[in-house]
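Chemist: predicted structure and sequence below. I'll ask about it afterward.
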Amino acid sequence: MISNLLLIDIETVPIVQNFNNLDANWQKLWVDKVSKSLPENIAPDESWKMRGGIMAEFGKIICISTGYFYEDENRNKCFKIKSISGDDETQVLKEFASLCDKFYKHNKHFIFGGHNIREFDIPYICRRILINNLPLPEYLWLHDRKPWEIKMFDTLNWWRFGDNKNYTSLNLLANTLNIPTSKSDIDGSMVQDVYYKEKNLQRIVEYCQRDVVVVANIILKFQNLPLLRDENVVIVR
């Protein structure tokens, strides 16, 4: 089962740093988008900082980390990570599609895995692919499929055990299961400032990679298998 998994995690930011950088039309579109979900006393520039990066119409992907399980020559469970990042989202998405194509070529039954990927990462990627005028790969042609036809290993859904109103963050789930957390340096709320103010994309990439390892260990925990040892996690450039 886990040999079929391609684990992913994405990091996103608002398409521009500040609300005032949007033209008048997009400012109006933003206000219309969030007006029904946020309190009226929250100013547009504040709501932009809060939500701009998590809505695919107004954000962009700056990093996609991927990982998969394999066994070494001694049959030890290992995990290989490859990250794609950059300021040019079109190039990031092209490289991601190329990586997935290679995985698909060798394993037509591969399944995306991750935490909350069914509701966030995968839909976000699909939307941004279309926005960037790129072809949607066959394995991401999900919009006309029935829910039970979409196969993903989503650790959030597994932890819900049918309780669909329950949301559990990756950090909380990792701590609950006694798995080392990825939030040792930054967390998701800091990504925007690290990107736009610090201009430290590598710091975001390393954080994203740690998230993928956490998800890998949660999956192993669900399977009642030993967690990954540090020496068995390989990062390729």
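Modeler: Structure received. Please read these numbers as outputs of a predicted model, since none were measured by experiment. Numbering: from 1, shown residues only.
Chemist: what's the separation between Phe19 and Arg75?
Modeler: 54 Å (CB to CB, to the nearest Å). Just so you know, the C-beta spots here come from the backbone N, C-alpha and C atoms, and that holds for glycine as well.
Chemist: ok, those two, which is more surrounded?
Modeler: Counting neighbours by other CB atoms under 10 Å for Phe19 and for Arg75 shows that Phe19 has the greater number, 20 against 7.
Chemist: show me what counts as buried in the longest helix along the chain.
Modeler: In terms of residue count, the longest helix belonging to the chain (DSSP state H) is helix 201-222. If you call a residue buried by 16 or more other CB atoms under 10 Å, then helix 201-222 has these buried ones: 201, 203-221.
Chemist: what packs against that helix?
Modeler: On a contact count with 3 or more CB pairs under 8 Å, 6 or more residues apart in numbering; DSSP states H and E, helix 201-222 meets strand 5-14, strand 59-71, strand 77-85, strand 111-114, helix 155-160, helix 170-176, helix 191-196.
Chemist: what about Lys102, which helix or strand?
Modeler: Assigned by DSSP states H and E, Lys102 falls within helix 89-106.
Chemist: helices or strands up against that helix?
Modeler: Against helix 89-106 (3+ CB pairs under 8 Å, 6+ apart) you get strand 59-71, strand 77-85, helix 122-131.
Chemist: can I get the last one as PDB, trimmed to CA atoms?
Modeler: Right, the one you point to is helix 122-131. This file holds the C-alpha atoms of helix 122-131, laid out as PDB (Å, rounded to 0.1, in the frame of the first residue of the first chain):
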ATOM      1  CA  ILE A 122      -4.700  18.900  -4.700                       C
ATOM      2  CA  PRO A 123      -7.600  21.300  -5.500                       C
ATOM      3  CA  TYR A 124      -5.200  24.200  -5.200                       C
ATOM      4  CA  ILE A 125      -2.700  22.600  -7.500                       C
ATOM      5  CA  CYS A 126      -5.400  21.800 -10.100                       C
ATOM      6  CA  ARG A 127      -6.700  25.400 -10.000                       C
ATOM      7  CA  ARG A 128      -3.300  27.000 -10.300                       C
ATOM      8  CA  ILE A 129      -2.400  24.700 -13.200                       C
ATOM      9  CA  LEU A 130      -5.500  25.900 -15.100                       C
ATOM     10  CA  ILE A 131      -4.800  29.500 -14.100                       C
END
